[in-house]
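Chemist: Okay, predicted coordinates and the sequence, questions at the end:
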Amino acid sequence: MEARVMKIGKELVMMETKGDFRSNENFLVNDVVNVGKSLFNLIQTLKPFDNVSFNVEKGDIPYGNGSADYTLEILKQELNLKVRLKYDSNYDRFHILGFTCK
């Protein structure tokens, strides 16, 4: 599962704008049910992601409500983007529950 979450991180930073937003939020990351407009827009403003690293942790962030199965951390210089993910076996994909960016 951690490898799938790591792949999500790599796909998130590679997202590109398509013609209409509906295709952007739903189809650009294979293992995610819905990226969401606010995360998509944030990632677009933070580009380029040249020297980026990823970290995957099992569980939620300390100030989360405990519902996330994994936390994906995307690190770029001083930037720290944490994405909270919950696995959904019905879809065999992850839901993005929220994110923080410092």
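Modeler: Noted; the coordinates are in hand.

Chemist: What is the subsequent helix or strand relative to the helix or strand of the chain with the lowest mean pLDDT?
Modeler: Least confident helix or strand of the chain, by mean pLDDT, DSSP states H and E, is helix 21-27 with a mean of 52. Reading on from helix 21-27 to the C-terminus, the next helix or strand found by DSSP states H and E is helix 37-46.

Chemist: Determine how far that following helix lies from the middle of the whole chain.
Modeler: Here helix 37-46 shows a centroid-to-chain-centroid distance of 10 Å under the convention CA atoms, centre = their mean, to the nearest Å.

Chemist: for it, packing partners?
Modeler: For helix 37-46, the packing partners by 3 or more CB pairs under 8 Å, 6 or more residues apart in numbering; DSSP states H and E come out as helix 2-14, helix 21-27, strand 79-88, strand 93-101. Every C-beta, even on glycine, is put in place using the N, C-alpha and C of the backbone.

Chemist: List the buried residues of it.
Modeler: Applying a neighbour-count criterion of 16 or more other CB atoms under 10 Å, the buried positions in helix 37-46 are Leu39, Phe40, Ile43.

Chemist: hmm, back to that, possible to save the helices and strands packed on helix 37-46 as a markdown table with mean neighbour count and distance to Asp60?
Modeler: Formatted as a markdown table, the helices and strands packed on helix 37-46 follow (neighbours: other CB atoms under 10 Å; distance: least, CB to CB, whole Å):
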| stretch | mean neighbour count | distance to Asp60 |
| --- | --- | --- |
| helix 2-14 | 16 | 13 |
| helix 21-27 | 14 | 23 |
| strand 79-88 | 18 | 6 |
| strand 93-101 | 18 | 8 |
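
Chemist: show me what contacts the residue positioned nearest the centre of the chain?
Modeler: Closest residue to the average C-alpha location of the chain: Val83 at 5.0 Å, with CA atoms, centre = their mean. Contact analysis of Val83 by CB atoms under 8 Å, 6 or more residues apart in numbering lists Ile8, Gly9, Leu12, Leu39, Thr71, Leu72, Glu73, Ile74, Ile96, Gly98, Phe99.
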